[in-house]
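> Structure for the following, please:
(chains A and B, ligands or ions: 2)
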Amino acid sequence: MATGKPIRLFRNLSSKIAAIPMILTVLFVFVGGTAWTVTYSFTSSKLLPKTKFVGLRQYERLWETERWLVSIENLMIYGLCSMVLSLLIGFILAALLDQKIRFENTFRSIMLYPFALSFIVTGLVWQWLLNPDFGIQKIINGLGFTSFEFNPLYNSDIVIYGVLIAGLWQGSGLVMVLMLAGLRGIDQDIWKASRVDGIPAWKTYLFIIIPMMRPVFITTLVLIASGIVKLYDLIVAQTGGGPGIASEVPAKYVYDYMFQGQNLGQGFAASTMMLLAVLIVIIPWAYLEFGGKKRG
Amino acid sequence: MTITTQSTGQPSVEVRDLVLKFGELTVLKNLNLDVYEGEFLVLLGSSGCGKSTLLNCIAGLLDVSGGQIFIKGNNVTWAEPSERGIGMVFQSYALYPQMTVEGNMSFGLKNQKLPKDEIAQRVARAAEILQIEPLMKRKPSALSGGQRQRVAIGRALVRDVDVFLFDEPLSNLDAKLRADLRVELKQLHQQLENTMIYVTHDQVEAMTLADRIAIMKDGLIQQLASPEEIYNRPANLYVADFIGSPSMNLIKGKLSGDTFDADGFAVSVAGYDFSRQPSSNEVWFGIRPEHVELGEGSGPHFEVTAEVVEPLGSDTLVMTRLGGERFWLRMDGQSRVTSGDKLTIGLPVHAVSLFDGRDETRL
Ligand SMILES: Nc1ncnc2c1ncn2[C@@H]1O[C@H](COP(=O)(O)OP(=O)(O)OP(=O)(O)O)[C@@H](O)[C@H]1O
Ligand SMILES: [Mg+2]
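Ligands and ions are numbered 1, 2, ... in the order given. Purely as a prediction, here's the structure:
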């Protein structure tokens, strides 16, 4: 109908024009770059990209490589533990801080300091702290507990947990601050009502407050998850992937093959796998989150 | 300063010498209050006078700094809110947003480990009383303000308690809904016959709902009496000024013998029922706009000039000047007065209130 409503495309025209540069960037850099990467993952590119297609050969090789399998396993362990623990630690700290304790500002700043450090610094700090000759083990041995042994970075079975400690130390402060903001947003009358109802505090948190904080939890989860997938610099600074290949992660695999192993095809195949994994997680979630609402 | 009248029945809630401090700030100062079994008591006062604080102390949501609280004869000063036998309704409703209406009403009971059929029975009964049966499966976000407040009342109702505490439950609602729910609350009280303590700063709510009203100011109760008593015989200048809209006309002057005299206006108060002698000859003369007689009545009368006329439909407010002060009259809505008109008014002595000029209490 020509006489009816204005055409939808022209509504909010100025803001749409303002968004064009961003849209172009997204299209060319993100989508274009991704498409390019995926395409060249099917070639036998070595130092330079070339269009000699070899089908799924790069992927077959990838999944036969011990180092890739270790990387995936490490990422899963690190990801799961870091997700659960940093939410848990962050929330508990925030709940404690929310009890209107004194020195709240001081404590909050202390908890946030690690977040201001780069992963490289964090990694180095914890490399020292976990070093059996200088760090925690040495101190506790010095206190008389000579049989105490805590040496994760040199034990390939538990090295990833050593990395996890550093990661949690760095990330929990941010989670805590986000959770605290969420807790502060809760109407105090809710707490009063639950006290009059005789509901114990832990139950109030579990069944009333946490469900109310759903948006905060989603934001936090996205932040933590993106940190997990990108896990790279912490490893480089703390273990360099060692001992052996015991603490390798996918992002490091990609980087090493693309820029050091001079095997672009293999690097592209690995990064395509990472993209696939992220999509497998995101698509069902987005469907639940946004698709479900229209029906309900 | 506290004047207590009409003591019937057993005390249900007793507050003894209650003191509450927030750091340096003393909000409640040795406050005493008796609420009788089945009584509807309204705490009325301006913002920040400590009404909510008092209610929260009775509920056990604040730790008192001194004094004691008894509910049904038990000392509950240090008891948990859930053990005091109270139910509470908040201004912001404070419903649990992720639970259905039914969940909201039953969550506390489930936590008490009551048998399932008992819970179902209590919830069903409350839902019936409040007429919210069709809403039971909805979440609070899908309810209107009035419906939410009904659910909040329902959540207090299922607790099967003796004392209900309301903290400005209607003030987030629009005027029409507020009037409707007010009537329903009154019916609810008549039906349940529980003790109710109700905080508000709305005079109309207080006058219509209360068996007794406690007027608070700065953490003290200024007067605790029936609405009629508060309206007709305010205990002090603050109460006289606070109640009524427009409030009581108050003129400061001198009392010599039976004659009140202020700035060119003298009136005889012969026949006034003095409860005590004034501490000096300085007194306040007060009369409500609606008690001023029009025309030459039996008593003394005066000539005044209408300065401002405010037609309200049901009645008309007229501002005049008497004894140098603004003096309001309430007239019939149909009367045709325009500013500049001369009016003759009478001041019947039985409707007059006199207050001491020093301590501002009623004479
Ligand atoms: N948690 C608190 N910390 C410090 N001061 C407080 C606190 N709660 C209330 N106050 C102070 O106590 C006084 C009484 O507050 P209260 O909430 O009881 O007032 P109110 O009579 O309920 O007022 P309103 O009608 O606005 O609800 C106010 O001066 C307020 O600033
Ligand atoms: Mg209040």
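> Tell me the spacing between A:S118 and A:V125.
Using Cβ to Cβ, to the nearest Å, one gets 11 Å for the distance from A:S118 to A:V125. Quick note: C-beta positions are derived from backbone N, CA and C, even for glycine.
> B:R178 now?
On the measure of Cβ to Cβ, B:R178 and A:V125 end up 61 Å apart.
> sorry, back to before: more neighbours: which of A:S118 and A:V125?
Between A:S118 and A:V125, counting by other Cβ atoms under 10 Å in any protein chain shown, A:V125 is the more crowded of the two (18 against 12).
> Name the residues of the strand or helix carrying the more buried one that are buried.
Element membership for A:V125 (DSSP states H and E) is helix A:119-129. Going by neighbour count (16 or more other Cβ atoms under 10 Å in any protein chain shown), the buried part of helix A:119-129 is A:F119, A:T122, A:G123, A:L124, A:V125, A:W126, A:Q127, A:L129.
> So which bits of chain B are right by chain A?
Proximity of chain B to chain A (Cβ under 8 Å from any Cβ of the partner chain) is limited to residues B:56, B:59-61, B:80-83, B:86-88, B:90-99, B:107-108, B:111-112, B:155-156, B:159.
> What are the buried residues along stretch A:172-192?
A:172-180, A:182-183, A:189-192.
> Likewise for stretch A:194-204?
Buried residues in stretch A:194-204 (16+ other Cβ under 10 Å): A:S194, A:R195, A:V196, A:D197, A:G198, A:I199, A:T204.
> From the rest of the structure, what touches it?
Stretch A:194-204 has contacts (Cβ atoms under 8 Å, 6 or more residues apart in numbering or on different chains) with A:191, A:207-208, B:59-61, B:80-83, B:86-88, B:96, B:107-108, B:111-112, B:155-156, B:159.
> Farthest pair within the buried residues of stretch A:194-204?
Maximum pairwise distance in the buried residues of stretch A:194-204, criterion Cβ to Cβ, is 11.5 Å, between A:V196 and A:T204.
> hang on, B:L224 in a helix?
No: read with DSSP: H, G, I helix; E, B strand; the rest coil, B:L224 is strand and lies in no helix.
> Not counting sequence-adjacent ones, nearest residue to it?
What sits nearest to B:L224 in space, not counting adjacent residues and going by Cβ to Cβ, 6 or more residues apart in numbering or on different chains, is B:A214, at 4.5 Å.
> remind me, longest helix of the chain?
No chain specified, so I'll use chain A. helix A:66-97 (DSSP state H).
> wait, I meant chain B there
Longest helix in chain B, counting by DSSP H: helix B:175-192.
> For ligand 1, what's its nearest residue on chain A.
Ranking the residues of chain A by distance to ligand 1 (Cβ to the nearest ligand atom) places A:Q188 first, at 8.9 Å.
> Same question for the stretch 201-350 of chain B.
Closest point on the stretch 201-350 of chain B to ligand 1, by Cβ to the nearest ligand atom, is B:H201, at 4.9 Å.
> how close does that residue sit to B:L170?
Distance from B:H201 to B:L170, by Cβ to Cβ: 11 Å.
> where along the stretch 1-150 of chain B do the helices fall?
With helices called from DSSP state H, counting those that start in this stretch, the stretch 1-150 of chain B shows them at B:51-59, B:101-111, B:116-130, B:145-157.
> So which of the ones you listed is nearest A:F217?
So among the helices of the stretch 1-150 of chain B, helix B:101-111 is nearest, using Cβ to Cβ, at 20.4 Å.
> Residues touching the closest one, excluding its own?
A:196-200, A:203, A:207, B:82, B:95-96, B:99, B:118-119, B:122-123, B:126-127, B:132, B:135-140, B:143, B:151, B:154-155, B:158-159.
> do stretch A:42-52 as well
Under the contact criterion Cβ under 8 Å, 6+ apart, stretch A:42-52 has outside partners A:Y40, A:F53, A:V54, A:G55, A:L56, A:R57, A:Q58, A:Q262, A:N263, A:L264, A:G265, A:F268.
> What subset of those is buried?
So, by 16+ other Cβ under 10 Å, the buried ones in these are A:Y40, A:Q58, A:N263, A:L264, A:G265, A:F268.
> could you redo those residues as a markdown table and give each row secondary structure and pLDDT?
What follows is those, written out as a markdown table (DSSP: H, G, I helix; E, B strand; the rest coil; pLDDT from 0 to 100):
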| residue | secondary structure | pLDDT |
| --- | --- | --- |
| A:Y40 | helix | 87 |
| A:Q58 | helix | 84 |
| A:N263 | coil | 84 |
| A:L264 | helix | 86 |
| A:G265 | helix | 87 |
| A:F268 | helix | 90 |
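> Apart from its neighbours in sequence, what residue is nearest residue 156?
No chain was given, so I picked chain A. For A:S156, the closest residue by Cβ to Cβ, 6+ apart turns out to be A:A246, at 3.3 Å.
> my bad, chain B
B:G87 (3.1 Å).
> now that neighbour, which residues is it bridged with?
On the basis of DSSP bridges, B:G87 is bridged to B:F164.
> ok, it - how many residues close by?
Applying other Cβ under 10 Å, we find 26 residues neighbouring B:G87.
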